[in-house]
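Enquirer: Please find the sequence and the predicted model below.
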Amino acid sequence: MLDPKFLRTELEATAERLATRGFILDVGRLSQLEEKRKSLQVATEELQASRNAISKSIGQAKAKGEDVAPIMAQVGDLGAELDSKKAELATLLDELNAIAMSVPNLPDESAPIGADENDNVEIRRWGEPKQFDFEVKDHVDLGELHSGLDFKNAVKITGSRFIVMKGQIARMHRALAQFMLDLHTNEHGYTEAYVPLLVNEDSLLGTGQLPKFGEDLFHTKPATEEGQGLSLIPTAEVPLTNLARDNIIDEDELPVKLTAHTACFRSEAGSYGRDTRGLIRQHQFDKVELVQLVKPEDSMAALESLTQHAETVLQKLGLPYRTVVLCTGDMGFGAAKTFDIEVWLPAQNTYREISSCSNMQDFQARRMQARYKAKSAKKPALLHTLNGSGLAVGRTLVAVLENYQNADGSITVPEALRPYMGGMTQIG
RNA sequence: GGAGAGAUGGCAGAGUGGUCGAAUGCACCGGUCUUGAAAACCGGCAUGGGUUUAUAGCCCAUCUAGGGUUCAAAUCCCUAUCUCUCCGCCA
């Protein structure tokens, strides 16, 4: 949620900045509603003030044993008038709030302006894609070769875009998650967390999945007036960031750095036919998430370090990657600035997204009322929140299988992973 | 699943219809005292919103949440959520 002041006092400038990300703000409607709100709210509050004053004088008169009938007469139909004004105001505020909750974050000045992913800007590369002197297999073929990836049974048990893993492949998947968690907790200063995989609507509103993107989620109940029940998390960003909801954190405790390994669930509505082969796009996948809660002045530096933390995973695994900064048109709803990390996939002969690291600034914090108290400050101020994948475990498995394959179809185990696989150096 | 009790400021905890946004204690901030600290004493200390040049004043709202009764609700009624105790069940 943007600072409501932007929508009141800097409406035109705000609309222009939002347009760079392809969001059209209905300036006319908004200023019209805002004007109405102002007069209606003032009128309502004045009515309330006079009602309060009269009620108070009734109380005082009664205490003195005076006759309250004349004062009671003053009340007249104040109540009815107040009720109708209140109801009118509530409707108006609901409408304004619905708009406010649906407006995406303002892009940071440093985000390149562009329309879509073609306008993203590569900022660095690490590692050289390995040259293979044989025809490379993709991870689906490699997985089947080792009886490790079983798409058929997943379809039988559940449906498409699910996976059954077995044997050494399943073990490598587990090893990857363990390796990532240990790296982030031991070397990058994150605190490991175990969190619920089902969350309530307040949490989803807080991080921005709701109200606009409910169809991307799995809900435990069909959506009704009463709600949609609990929802499966699309990312651990939701429970981790919501830990700060309605909290005032002491300045001394910042930055808060949290990591969690969870399953993530996405309905992938509207992505029919995209990445249908393999593990790239699943309804259920594992991810190690990184979340930071920081002071506003620290958030851009925190985004750089958080991105480095994610990149370190790929470096330790020896997987070539590149990092791009997303243009304004390609950023997520709540992000002010985002770096995507893309890992080299030899079978696709391209770099594919394996992590997305974003600075949400105070966008989520405002929705969640996640604040901190500085010693010098009189009042608590909104935190800045950041999150990133460190990394998507399934996609990392894909990258390891494809990048570490040998001519005979065997897979060399990356050195960093061996301690987590009982010292094993090769699969198959 | 059954029976009962409860939810108040950062924390603890008073308050059962009318100057209650809320006693008191702790914590916190400032001051006096002290070489310094502690103790003691004095003072301050909720949040959101509106209006406004103003983090000045004034006003509105908030005692888990949502409804209701009333001129007036922390206080009475209804519903939901959560917590605790006992019983049952259970990894």
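Expert: Yes, it's here.

Enquirer: Quick one: name the residues of the stretch 1-150 of chain A near RNA strand B.
Expert: Counting by Cβ under 7 Å from any atom of the strand, the stretch 1-150 of chain A comes close to RNA strand B at A:4, A:8, A:38, A:41-42, A:45-46, A:48-49, A:51-56, A:58-60, A:62-63, A:68, A:72, A:75, A:79. In this view, the C-beta of every residue, glycine as well, is placed from N, C-alpha and C.

Enquirer: Counting by contacts, list what the helix or strand hosting residue A:89 packs against.
Expert: Under the criterion of DSSP states H and E, residue A:89 resides in helix A:78-102. Secondary-structure packing of helix A:78-102 (3 or more Cβ pairs under 8 Å, 6 or more residues apart in numbering; DSSP states H and E): helix A:27-64.

Enquirer: now for the helix or strand that the helix it packs on is followed by, which elements pack on it?
Expert: Note on helix A:27-64: by DSSP H and E, the next helix or strand toward the C-terminus is helix A:69-75. Helix A:69-75 sits against helix A:27-64, with contacts defined as 3+ Cβ pairs under 8 Å, 6+ apart.

Enquirer: in the helix it packs on, what counts as buried?
Expert: By neighbour count with 16 or more other Cβ atoms under 10 Å, helix A:27-64 contains the buried residues A:30, A:33, A:37, A:40, A:44, A:47, A:54, A:58, A:61.

Enquirer: Turn the residues you listed into a markdown table, including pLDDT.
Expert: What follows is those, written out as a markdown table (pLDDT from 0 to 100):
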| residue | pLDDT |
| --- | --- |
| A:30 | 87 |
| A:33 | 87 |
| A:37 | 88 |
| A:40 | 88 |
| A:44 | 89 |
| A:47 | 89 |
| A:54 | 88 |
| A:58 | 85 |
| A:61 | 81 |
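
Enquirer: Could you single out the nearest of those residues to RNA strand B?
Expert: Distance to RNA strand B, by Cβ to the nearest atom of the strand, is smallest for residue A:58 among those, at 3.8 Å.

Enquirer: got a list of what the closest one touches?
Expert: A:68, A:71-72 (Cβ atoms under 8 Å, 6 or more residues apart in numbering).

Enquirer: what's the angle from the helix holding residue A:89 to helix A:27-64?
Expert: Angle between the axes of helix A:78-102 and helix A:27-64 is 140 degrees (criterion: axes from the mean of the first three to the mean of the last three Cα atoms, to 10 degrees).

Enquirer: next helix or strand past helix A:78-102?
Expert: The C-terminal neighbour of helix A:78-102 among helices and strands, as given by DSSP H and E, is strand A:121-126.

Enquirer: Most proximal residue of chain A with respect to RNA strand B?
Expert: For chain A, Cβ to the nearest atom of the strand, closest residue to RNA strand B: residue A:59, 2.7 Å.

Enquirer: just checking, residue A:3 touches residue A:367?
Expert: No - Residue A:3 is beyond contact range of residue A:367, at 11.7 Å (criterion: Cβ atoms under 8 Å).

Enquirer: higher neighbour count, these two?
Expert: Set residue A:3 next to residue A:367 and count neighbours by other Cβ atoms under 10 Å: residue A:367 wins out with 22 against 16.

Enquirer: one step back: which of the contacts of residue A:58 ranks first by neighbour count?
Expert: Neighbour counts for those (other Cβ under 10 Å) peak at residue A:71, which has 17 neighbours.

Enquirer: Leaving out the residues flanking it, which one is nearest to that one?
Expert: In this structure, residue A:71 finds its nearest non-sequential neighbour in residue A:58, 5.3 Å apart by Cβ to Cβ, 6 or more residues apart in numbering.

Enquirer: what does residue A:412 give?
Expert: Closest residue to residue A:412 apart from its sequence neighbours, by Cβ to Cβ, 6+ apart: residue A:404 at 4.5 Å.

Enquirer: list the contacts for residue A:33?
Expert: Per Cβ under 8 Å, 6+ apart, neighbours of residue A:33: A:92, A:95-96, A:99.

Enquirer: how much space between it and residue A:176?
Expert: Per Cβ to Cβ, to the nearest Å, residue A:33 is found 50 Å from residue A:176.

Enquirer: and if you look at residue A:199?
Expert: As for residue A:199, its distance to residue A:176 is 25 Å (criterion: Cβ to Cβ).

Enquirer: Can you name the residues of the stretch 251-400 of chain A that neighbour RNA strand B?
Expert: Going by Cβ under 7 Å from any atom of the strand, the residues of the stretch 251-400 of chain A near RNA strand B are A:369, A:371, A:375, A:378-380.

Enquirer: Just the buried residues of the residues you listed.
Expert: Buried members of those, counted by 16+ other Cβ under 10 Å: A:371, A:380.

Enquirer: which two from the residues of the stretch 251-400 of chain A next to RNA strand B end up farthest apart in space?
Expert: Across these, the longest distance by Cβ to Cβ is 20.6 Å; it joins A:369 and A:375.
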